[in-house]
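Asker: Show me the folded form of this:
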Amino acid sequence: MSEETVASTAGQSRPTEGAAADRRRGMVLAIVLALQTMLILDVNVVNIALPDLKEALDFTPTGLSWVLSSYLLAFGGLLLLGGRAGDVLGHRRGMLIGVTVFTLASLLGGLADSAGTLIAARALQGVGAAIAAPTVLALIATHFTDDKSRARALGLYAAVSGSGAAIGLIGGGLLTDWLSWRWVLFINVPIGVALLIAAPMFIHETERTPARFDLGGALTSTVGTTALVYGFIRAAESGWSDTLTLGSFALAIALLAFFVLIETHAKQPITPLRLFADRNRATGYLSLLFVMAAGNAMFFFLTQFLQEVRGFTPIQAGLAFVPLAVLILATSGIAAKVLPRVGPRMLTAVGAAAISIGLIWFARITPEAEYLSALLGPMLVAGLGMGTLLVGVTTILMSGVAPEESGAASGLLNVMQQIGGALGLAIMVTVFGAAGRAASNEFPSGLDAKGTADFVLTEGVTTAFAWGAGFTALTILLTLIMRTVPTGGGVTEPMPEQAPKQAANPEGREVTTP
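Answerer: Numbering: from 1, shown residues only. Here you go, the predicted structure:
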């Protein structure tokens with residue numbers, strides 16, 4: 001073969017190899033984005049099906065909250081352990097394990113014939129999500145090494161995360177209305193199977209990192225938080241003097257105290273408690289808990305109000321939430337741009353104030369409330385507040401974090417979102433139950449059975465909204481005790497204990513919309 005022929009052949013092979021590499025990266029991106037979409041959709045797609053679930057499996061009004069809480073508690077409680085598992089086992093292997101568990105749990109949930117089976121399946125889904133979710137960003141980082149491709153991948157990741165709420169709400173409505181509530185769970189099965197087939201073909205395994213599993217910390221925190229949530233929900237049904245209620249709170253206190261003891265002495269703790277030593281970060285985590293508590297409860301109760309009181313179909317209920325979800329996404333982008341000028345504390349305070357106004361507005365609705373005149377307005381105000389606050393509080397939590405602790409700080413941020421949603425929902429369900437019982441004894445005369453049921457549910461829902469507004473108002477007060485925070489832009493405000501560092505880009509964060 002001549003030198004010219006060899007050179008020509010080599011010249012042709014290089015573009016071919018480059019095209020093959022691009023196709024491979026494209027498949028990797030499609031796989032990880034499909035996984036992220038499946039995980040992001042799960043809460044919202046189930047939310048729309050709650051009224052149908054309640055009727056089909058004979059849930060009590062307060063027991064229905066476990067459909068969400070069991071998932072959130074397992075997901076949030078085991079998320080940091082799942083991230084450690086990916087480091088130790090390899091991120092592709094971690095992804096495959098998590099997707100397998102999530103897919104099997106989805107199948108089990110779709111086939112459930114009792115409330116207990118569905119709740120167990122939802123908890124198992126949370127375990128799978130906790131293992132799979134941390135691998136998404138890790139696989140993007142290892143497969144997209146140049147700045148251009150990584151920026152594109154992260155941009156698509158952020159778009160999927162931000163739009164997941166709207167897609168989940170619409171998808172949940174379509175599946176429930178056209179098929180049945182079971183399909184909001186069954187839909188994960190073909191997606192999961194496709195991921196399990198495609199991932200080994202296109203994703204290479206990452207290097208393993210030797211580490212220790214803090215099983216004691218993970219189990220005591222998860223079981224302790226679950227006991228706390230159960231105590232609140234039990235109180236809503238059986239009262240505060242009930243033996244199981246008191247026993248649950250006692251168990252929760254003991255386990256959470258033991259968790260702190262374990263984390264204080266662990267060589268590789270699942271939750272580095274030193275992250276709470278900074279005043280700003282501690283108040284930021286508390287603010288996130290309060291906001292997620294109010295946000296998750298808002299979705300939970302509005303879904304039931306729209307379908308059970310106002311008579312919306314699942315599709316109509318899903319579409320009703322779309323303006324809220326879209327505004328959260330749009331406002332987040334705007335808030336990220338103004339962050340350098342106003343600072344994260346101002347964004348957090350303004351966002352919390354807007355959410356409070358929206359919830360107070362919701363607390364004034366009546367069973368006759370029309371969507372356009374009484375519900376759309378507070379939805380938009382609350383959505384504006386959520387998008388603004390999430391950028392501010394995320395910046396506060398990630399500012400001044402040492403590079404070696406950035407993963408733990410980011411993971412803990414997501415844990416607080418899940419745990420805050422579960423705890424807040426439990427508290428709101430307790431308030432909802434107490435208000436509903438009071439209303440059932442003092443309803444207006446002349447109402448038929450449907451009118452009485454609508455009045456009782458509305459009284460419970462509006463009381464829960466008022467408490468939610470109280471939670472977000474506390475966030476405003478928390479911003480007053482924060483010290484100045486670096487903004488990552490033109491305004492640089494020094495942290496108290498550490499030298500200023502570049503804040504994390506809010507647009508690149510992982511946010512779970514309630």
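
Asker: What strand or helix carries Phe259?
Answerer: helix 243-265 (DSSP states H and E).

Asker: Which residue ranges of this structure form strands?
Answerer: With DSSP state E as the criterion, the chain has no strands.

Asker: hang on, the earlier thing: who touches the helix holding Phe259?
Answerer: 214, 216-217, 220-221, 223-225, 227-228, 230-231, 234-235, 238-240, 269-273 (Cβ atoms under 8 Å, 6 or more residues apart in numbering). For every residue, glycine as well, the C-beta is placed using N, CA and C.

Asker: Would you indicate which residues of it are buried?
Answerer: Thr245, Ser248, Phe249, Leu251, Ala252, Leu255, Leu256, Phe258, Phe259, Ile262, Glu263 (16 or more other Cβ atoms under 10 Å).

Asker: mean confidence score for that helix?
Answerer: Averaged over helix 243-265, pLDDT sits at 86.

Asker: Stretch 62-74 now?
Answerer: 82.

Asker: how far is that stretch from where the chain is centred?
Answerer: Using Cα atoms, centre = their mean, to the nearest Å, the distance from the centre of stretch 62-74 to the centre of the chain it belongs to is 13 Å.

Asker: before we move on, what about stretch 33-45?
Answerer: 10 Å.

Asker: average model confidence for it?
Answerer: 80.

Asker: Which positions within that stretch qualify as buried?
Answerer: 33-45.

Asker: Alpha carbons of that stretch, in CSV - could you do that?
Answerer: Coordinates of each C-alpha in stretch 33-45 appear next as CSV, following Å, rounded to 0.1, in the frame of the first residue of the first chain:
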residue,chain,number,x,y,z
LEU,A,33,-31.4,12.5,31.0
ALA,A,34,-34.0,9.8,30.8
LEU,A,35,-33.0,8.6,34.3
GLN,A,36,-33.2,12.2,35.6
THR,A,37,-36.6,12.7,34.0
MET,A,38,-38.0,9.4,35.5
LEU,A,39,-36.8,10.4,39.0
ILE,A,40,-38.0,14.1,38.8
LEU,A,41,-41.4,13.1,37.5
ASP,A,42,-42.2,10.6,40.2
VAL,A,43,-43.6,12.8,42.9
ASN,A,44,-45.7,15.0,40.7
VAL,A,45,-47.0,12.3,38.4
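
Asker: Over to Trp240: give its phi and psi.
Answerer: For Trp240, the backbone dihedrals (degrees, to the nearest 10) come out as phi -80, psi -20.

Asker: Of the contacts of helix 243-265, grab the buried ones for ChimeraX.
Answerer: Here is the ChimeraX command that picks out the buried ones among those, judged by 16+ other Cβ under 10 Å:
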select :214,216,217,220,221,223,224,225,227,228,230,231,234,235,269,270,271,272
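
Asker: Which parts of the stretch 401-514 of the chain are helices?
Answerer: 406-441, 449-480 (DSSP state H, counting those that start in this stretch).

Asker: of those, which approaches Pro340 most closely?
Answerer: Pro340 sits nearest to helix 449-480 of all the helices of the stretch 401-514 of the chain, at 18.0 Å, using Cβ to Cβ.

Asker: Any regions of the stretch 101-250 of the chain where pLDDT drops low?
Answerer: 137, 145-147, 150-151, 154-166, 206-211, 213 (pLDDT under 70).

Asker: sorry, back to before: deepest-packed of the helices of the stretch 401-514 of the chain, please.
Answerer: Burial of the helices of the stretch 401-514 of the chain is given as mean neighbour count (mean count of other Cβ atoms under 10 Å); helix 406-441 ranks first at a mean of 22.

Asker: Many thanks, have a good one.
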